[in-house]
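# turn this into a structure:
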Amino acid sequence: MHSLNSLRFSSLEICAGSGGMALGLERAGFDPVLLIEDNEHACKTLHWNRRRWDVMQADVIDFDPVEHQQVYDVDLLSGGLPRVQSAATVQRPESDREWKLLQAAVWLAHAVQPRAILLENVPELVTSEKYSPVRDWIEDNLGDENYLCTWHVLDAADHGVPQHRKQGFLVAMREPNFSKFTWPSPSGAPAPTLGAALEATMASRGWPGAAAWAARADEPAPTLVGGSINRGGADLGPSGQKKAWARLGVEGKSIADEVPGPDDPVDLVPRLTVRQAAILQAFPDSWVFFGKKTSVYRQIGHASPPPVAEAVGRQIALALGTRP
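Numbering: from 1, shown residues only. All right, here's what the predicted structure looks like:
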């Protein structure tokens with residue numbers, strides 16, 4: 001529960017991934033009593049970076065809060081859920097895992113009774129008419145517990161992240177806290193460009209083309225796409241995404257083991273490394289990822305950039321600051 005002395009809040013995070021949302025929420029004042037994630041490598045990433053966090057490798061669908069009493073009455077239930085697909089979600093929910101995870105999150109809110117709920121997913125979940133049955137189902141079921149819902153799309157580039165990444169968010173609270181919540185405004189500062197974000201790393205091994213490359217990469221990066229565990233190796237996504245990266249001077253067919261060196265040509269079209277991908281997601285340099293290249297890239301690509309989670313978390317904390 002919220003402590004007036006510590007000014008910290010408690011949280012339960014599901015589908016925690018490699019910790020982007022949890023890190024942002026930590027900065028906003030939320031300390032997790034438990035983080036649930038089903039990927040072994042992502043769990044090890046969380047353990048490596050925050051030894052004090054209680055991390056549980058489990059499927060949220062199977063999680064029973066009765067066995068973990070510390071999760072009851074937390075201030076916040078949060079999660080970046082796997083990306084639902086509209087056709088699958090609306091037309092065949094009985095066989096769609098992403099939809100089942102969304103349902104599990106709602107039922108968990110019923111059981112845990114958090115003061116606030118924060119769920120992140122595709123922007124279309126907020127904006128598309130195809131998703132209206134899903135939104136209605138969520139609002140009706142949370143409404144049974146007197147939660148009110150608000151939906152919003154945020155672009156990470158509006159919050160200091162060097163990447164255009166649109167995210168759909170749901171925040172739910174009861175009154176009187178709900179009326180105190182407002183979505184974060186854009187920072188007002190231009191987002192760092194791809195070149196500005198990565199010039200230092202591109203030059204770190206002495207590549208003579210780094211400065212010229214950075215000057216041409218004069219826009220925020222396109223959205224990083226994490227890919228599916230059912231696909232092959234790590235790359236920057238389908239052909240349309242690769243073309244967007246190519247326009248800014250990045251080869252998207254694979255992820256590099258290291259940045260260009262002194263013997264590489266000045267006009268090389270470089271590939272990204274996993275550490276550079278982490279920079280574009282605004283992870284701190286100190287954040288260490290467990291696993292081999294493909295696993296690490298997927299952890300990074302699926303993450304919620306910490307500054308965005310922090311911005312939303314601060315607004316939730318403000319709304320929770322006054323009890324009824």
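# how many residues are close by Leu23?
Per other Cβ atoms under 10 Å, the neighbour tally for Leu23 reads 24. The C-beta positions use only the backbone N, C-alpha and C, and glycine is treated the same way.
# where along the protein do the strands fall?
Applying DSSP state E to the chain gives strands spanning 9-14, 30-37, 55-57, 76-80, 116-121, 148-155, 166-173.
# helices or strands up against the third one?
In this structure, strand 55-57 makes packing contacts with strand 30-37, helix 40-49, judged by 3 or more Cβ pairs under 8 Å, 6 or more residues apart in numbering; DSSP states H and E.
# check which residues of the first one are buried.
Along strand 30-37, the positions that meet the burial threshold by neighbour count (16 or more other Cβ atoms under 10 Å) are Phe30, Asp31, Pro32, Val33, Leu34, Leu35, Ile36, Glu37.
# the longest one now?
Of the residues in helix 40-49, those with enough neighbours to count as buried (16+ other Cβ under 10 Å) are His41, Ala42, Cys43, Lys44, Thr45, Leu46, Asn49.
# could I get the buried residues of strand 30-37 as a markdown table with distance to Ala189 and pLDDT?
Shown next, in a markdown table, are these (distance: Cβ to Cβ, whole Å; pLDDT from 0 to 100):
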| residue | distance to Ala189 | pLDDT |
| --- | --- | --- |
| Phe30 | 25 | 97 |
| Asp31 | 29 | 97 |
| Pro32 | 29 | 98 |
| Val33 | 34 | 98 |
| Leu34 | 35 | 98 |
| Leu35 | 31 | 98 |
| Ile36 | 35 | 98 |
| Glu37 | 32 | 98 |
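# let me know the closest of those to Leu248.
Glu37 (31.8 Å; Cβ to Cβ).
# so that closest one touches Met21, yeah?
No: using Cβ atoms under 8 Å as the test, Glu37 is too far from Met21 to be in contact (11.1 Å).
# distance from stretch 296-316 to the middle of the chain?
4 Å (Cα atoms, centre = their mean, to the nearest Å).
# between the two ends of that stretch, how far is it?
Distance between the two ends of stretch 296-316: 30 Å, counting by Cα to Cα, to the nearest Å.
# so for it, mean pLDDT?
Confidence for stretch 296-316, expressed as mean pLDDT, is 97.
# now the residue of the chain positioned farthest from its centre: how far from Lys253?
Using Cα atoms, centre = their mean, the residue of the chain lying farthest from its centre is Asp263. It sits 36.8 Å away. In this view, Asp263 and Lys253 are 21 Å apart by Cβ to Cβ, to the nearest Å.
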